[in-house]
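[1] give me a 3D structure for the following:
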Amino acid sequence: MVRTAFDLLLQPFIAVGEWCTFFVSVLLPTIRAYANPRDVVRYLYGVVLGALPLAMVLGVTLGAVIWMQTRGLLERTAGAAELLPTVLAVAVVLELSPVGAGLIVAARTGAGLGAEVASMRVTEQTDALELLGLSPIRKLVAPRIAACIVAVPILHILTATTALLSGFAAESIVGGTNWLRYQELIFAELHFADVVAALLKTFAFGGLIGIAGCRIGLTAPGGSAGVGRAATSAVVVASLFVLAADVFAVAVFRIL
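    Numbering: from 1, shown residues only. Sure, this is the predicted structure:
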């Protein structure tokens, strides 16, 4: 009984150690994957193309909803409605768009990675690679992680751009603001360092999503049920990683 309780107490530490070990093992192969970009580009195309419709819908939704919600509040104070483009830009570019892009990739690509890698393991394709002297980490995992690292920043930029254009469309119809004035208000409080910080954390989101999906796929139990559980677990773990990394990144950037 004591042994069982002690084992349960150690499980979280063992899990953290296994995740850290996997992260270290894929770090160098992922960096090397960019030297041979053919596989990376192929996976990148699939990730971006598959998530693009959701990113566009998210951008339009963010721009329209924030504009509608915020304008009613700002109109209660004389002259405050002019600050709406500034509020929209700060909210979207610094927080909502990076996290939204990360969650979209976590939901769509995370599940795909978990199921795909798990099915390769179940059908013994990973064992076949090892018999041929090839590393599954270098051949299967690293290009997928590298593609995720690049895909999330691209989707973040597209989402933020769509949201700002959507906000301008709504503002020009109701508020009558011209593009030059709208552009001036957008950049009023968007400092270069903050924009770069928001972009940098999307690279971390992509890496964590790729690591979560691939590791869960490689450790999935056998059978079709294991493939399904791997897909579900990959979405949950990747989403948690994105949210936790966002909190950590914001705290670090605020301190710096």
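[2] hey, let's count contacts and neighbours off CA atoms from now on
    Noted.
[3] so which residues make contact with stretch 149-164?
    For stretch 149-164, the surrounding residues in contact (Cα atoms under 8 Å, 6 or more residues apart in numbering) are 44, 47-48, 51-52, 55-56, 58-64, 88-89, 92-93, 97-98, 100-102, 105, 199, 202-207, 210.
[4] from the residues you listed, which land in helices?
    Residues of the contacts of stretch 149-164 located in helices (DSSP state H): 44, 47-48, 51-52, 55-56, 58-64, 88-89, 97-98, 100-102, 105, 199, 202-207, 210.
[5] pLDDT weak spots in the stretch 101-250 of the chain?
    Counting by pLDDT under 70, the stretch 101-250 of the chain shows low-confidence ranges at 175-176.
[6] strands of the chain, start to end?
    For the chain, no strands turn up when DSSP state E is the criterion.
[7] give me the most central residue, it.
    Using Cα atoms, centre = their mean, the residue of the chain that lies closest to the mean C-alpha position is Gly102, 2.1 Å off.
[8] that one and Phe203, how far apart?
    Using Cα to Cα, to the nearest Å, Gly102 is found at 9 Å from Phe203.
[9] same question, Leu134
    In this structure, Leu134 and Phe203 are 27 Å apart, going by Cα to Cα.
[10] of those two, which one has the most company?
    Between Leu134 and Phe203, Phe203 has the larger neighbour count (other Cα atoms under 10 Å), namely 20 against 14.
[11] which ones are touching that one?
    Phe203 neighbours (Cα under 8 Å, 6+ apart): 149-150, 152-153.
[12] please enumerate the helices of the stretch 101-250 of the chain.
    Listed in chain order, the helices of the stretch 101-250 of the chain (DSSP state H, counting those that start in this stretch) span 125-131, 136, 142-174, 179-186, 192-218, 224-255.
[13] so can I have JSON lines of these showing distance to Val26?
    Shown next, in JSON lines, are these (distance: least, Cα to Cα, whole Å):
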{"stretch": "helix 125-131", "distance to Val26": "15"}
{"stretch": "helix 136", "distance to Val26": "10"}
{"stretch": "helix 142-174", "distance to Val26": "6"}
{"stretch": "helix 179-186", "distance to Val26": "39"}
{"stretch": "helix 192-218", "distance to Val26": "8"}
{"stretch": "helix 224-255", "distance to Val26": "16"}
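[14] mind checking which of the ones you listed is nearest Glu82?
    Comparing the helices of the stretch 101-250 of the chain against Glu82 with Cα to Cα, the closest turns out to be helix 179-186 (8.2 Å).
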